[in-house]
Structure formats: structure tokens, C-alpha cells
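[1] I need the structure of the sequence given here:
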Amino acid sequence: MAECEKNISVLKGIPFDIDVASLVERLRIRAGSEEETTFKELAESARKTANPKAIYRTCFVDCVNGDGVTIEGIRFESRLLSKKLHSVGRVFPFVITSGREADEFPLDRSDFLKIFLWDSLLEHILHEAAGFLRNEISRNNQIEKLVWMSPGSGDAEIWALQQQRELFSLIGNVKEEIGVELKESLLMIPTKSISGIAFQSEKDYRSCMVCRRADCHYRSAPYDEKLRNSLE
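    Numbers count the residues shown, from 1 in each chain. I've put the predicted structure just below:
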């Protein structure tokens, strides 16, 4: 599954589980309905089609100064990232994706229900792949608590989305290895992809902690006003 070269690890065919009953409940699909039948059919297609992948590098921090950090000659501007990496020597820039195979699965684009359900399945598969990657990095590097930050996650001023370019440059051949392309608009294709820098931390951190968007569907941690204020 994993290929390693020059501190670069590529994971293909990442295993994932689709708990249909749990997802049906979370998506508020009525039991016994036509929607449930459609969802189960799509879930079976996802099991056969999806091929989640990830790529990450093991890198070392050159220096942390001001509101930024330099990693192997590439500068990243973020007060929070600088703060988090102040006493960290080793980091793991990464990209995870649900895969082009599932992204290119043929769907009737006029059927909005199927599009929504398929999108939800790919989001779930991406979440599964992210958990696998987190465990993989932690286990291989004997890290007890691994956290990460992503460009553009949370509020824009935390870490600018524009630094996706520097992040992809640091990692290397992302498109060639796992099929994720960074567009001029900074959108990743497939869209169900995550990029970021993972690192060891004594405290838990998630971008949600410094994001003020209260109604975000993907919130995984409560807003931490004290942490947010420390950045201003």
C-alpha cells in the first residue's frame, strides 16, 4: 500500500468502512423510503469504486520567526502555525483524497438527490482516509498526539488559502502520485481532498477552534475564543 522515497510516503487503496445505518441516521433519511434504497445502492457503488489515497513527506523546520515558519526553504505565513511549530522540529506536509475514481463516477447531474448522497459518501470516505493517515504517521513516527493545520481552514486570516501553492511545492509530485491537482483558483481536484501540515503536539488542535462560523456542518470542535484572541 505504501511507497517511500526520499522521505515521501504514498498510500494507495486506503481501507475504509461505510456504516450505512449510521449514515442514514445522520443524513436523516427515512427508513424504508425510496431515498434509503437509492443511498444503499450508491453506497455499494462507492465500496466498489472509491480508491482513497494520500501522500506525505517527513520534513524539518528551518526556523520560526515573526508570524511565519520556514520549512526546507519554503516560507509559510501564519501566526498560529508559527506559534504551534515554535518548539517542533519535524513536520509532515500531506494531501489526502477520496480519489479520482469516485470523483469521476457517472451520475445523472440533473438528479440532485443522487448528487447530494454521493457527495456525502465521498465526504465520509475522505474522513475515513484522514483517520487512516493520522494513525499511519503516528505509528511510523512514534507520535502520541498528531494534529494538523490546513491553508484556508477556519477563518481566512488564520492561514491564507493562497499558501496551497507553497504546500504543494513542498510535498512534490502530488498530481502524479495520487491524482490531486491544484487549480489556479486554488481549488483541489478532486474536491474531496484535504491538504495541510501535520505535527506533534501536547495539546489537541483543530481548525474549528479558531473559526467563528457557528453554523458549519463540518464543525468538529467548539470555538475557542481565548485561542483566537491570542492571534490578534
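
[2] contacts only, for Arg47.
    Counting by C-beta atoms under 8 Å, 6 or more residues apart in numbering, Arg47 touches Ile18. Every residue, glycine included, has its C-beta placed from N, CA and C.

[3] could you check how far it is from Leu107?
    Between Arg47 and Leu107 the distance is 16 Å, computed by C-beta to C-beta, to the nearest Å.

[4] likewise Cys59?
    For Cys59 relative to Leu107 (C-beta to C-beta), the value is 38 Å.

[5] who's more crowded, these two?
    Neighbours per residue (other C-beta atoms under 10 Å) separate Cys59 from Leu107, with Cys59 holding more: 20 against 14.

[6] what sits against the nearest residue to Ile115 once chain neighbours are set aside?
    Spatially, and ignoring its direct neighbours in sequence, Ile115 is nearest to Leu107 (6.1 Å; C-beta to C-beta, 6 or more residues apart in numbering). Neighbour list for Leu107: Lys114, Ile115, Trp118 [criterion: C-beta under 8 Å, 6+ apart].

[7] equivalent analysis for Leu182, please.
    Counting by C-beta under 8 Å, 6+ apart, the residues that Leu182 touches are Gln164, Arg165, Phe168, Val174, Lys175, Met188.

[8] restricted to buried residues, select these in PyMOL.
    To isolate the buried ones among the contacts of Leu182 in PyMOL, judged by 16 or more other C-beta atoms under 10 Å, type:
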select buried, resi 164+168+174+188
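
[9] surely Asp108 touches Lys114?
    Yes: if you go by C-beta atoms under 8 Å, Asp108 and Lys114 touch, sitting 6.4 Å apart.

[10] out of those two, which sits in the more crowded spot?
    For Asp108 and Lys114, the more surrounded residue by other C-beta under 10 Å is Lys114, and the numbers stand at 17 against 9.
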